[in-house]
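A.B. asks: Attaching a predicted model along with its sequence, questions to come.
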Amino acid sequence: MAKAKTKKSKENFFNDVYEVVRLIPKGRVTSYGAIAAFLGMRSGARMVGWAMNASHSERNVPAHRVVNSQGLLTGRHHFETPGTMEKLLKREGVRIVRHQVADFKKLFWNPVTELGL
DNA sequence: GGTCTGACCGGCG
DNA sequence: ACGCCGGCCAGAC
């Protein structure tokens, strides 16, 4: 069993991403890089975004709570409408200024810290 | 089966 | 402060 990980792990990857995103508390946001780091991929943030793209098929995956490290709503264009993302965030009490999360540092939810890896 | 892109990040000049 | 570049993994053509 030298190589226990096979194609099965890749499926788990998407699943893991969804789980972490689902764990994001209401009114909080996190970044792609944070999730990637939590999953063990320091620079795999790109793939997290790719996973989010597939998250449209999944339910209860608040992709709108996931922004880039700048706090910018980079994925807003991939929603039903470009305004859906910030609309949902505002609805949760997150203030959005110029497509960017206000007090991003305060609202930032780090899975590694919060979940205590 | 090789190549390119992708909702990113961090380092370097 | 800003722009450019490589890296990382997986899916689509």
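C.D. replies: Cool, the structure landed. Bear in mind the structure is a predicted one, so any value in this text is a computation, not a measurement.

A.B. asks: Does anything pack onto the longest helix seen in chain A? Which helices or strands?
C.D. replies: Using DSSP state H to define each element, chain A has its longest helix at helix A:7-23. When contacts are defined as 3 or more CB pairs under 8 Å, 6 or more residues apart in numbering; DSSP states H and E, helix A:7-23 sits against helix A:32-38, helix A:45-54. All C-beta spots, glycine's among them, are computed from the backbone N, C-alpha and C.

A.B. asks: Dump the ones you listed into CSV; add distance to A:Ile24 and mean pLDDT as well.
C.D. replies: Formatted as CSV, the helices and strands packed on helix A:7-23 follow (distance: least, CB to CB, whole Å; pLDDT from 0 to 100):
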stretch, distance to A:Ile24, mean pLDDT
helix A:32-38, 9, 93
helix A:45-54, 12, 90
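
A.B. asks: Show me what from chain A comes close to DNA strand C.
C.D. replies: Residues of chain A found near DNA strand C (CB under 7 Å from any atom of the strand) are A:9-10, A:13-14, A:41-47, A:50.

A.B. asks: Can you tell me which of the helices and strands packed on helix A:7-23 is most buried?
C.D. replies: Highest mean neighbour count of the helices and strands packed on helix A:7-23: helix A:32-38, a mean of 21 (counted as mean count of other CB atoms under 10 Å).
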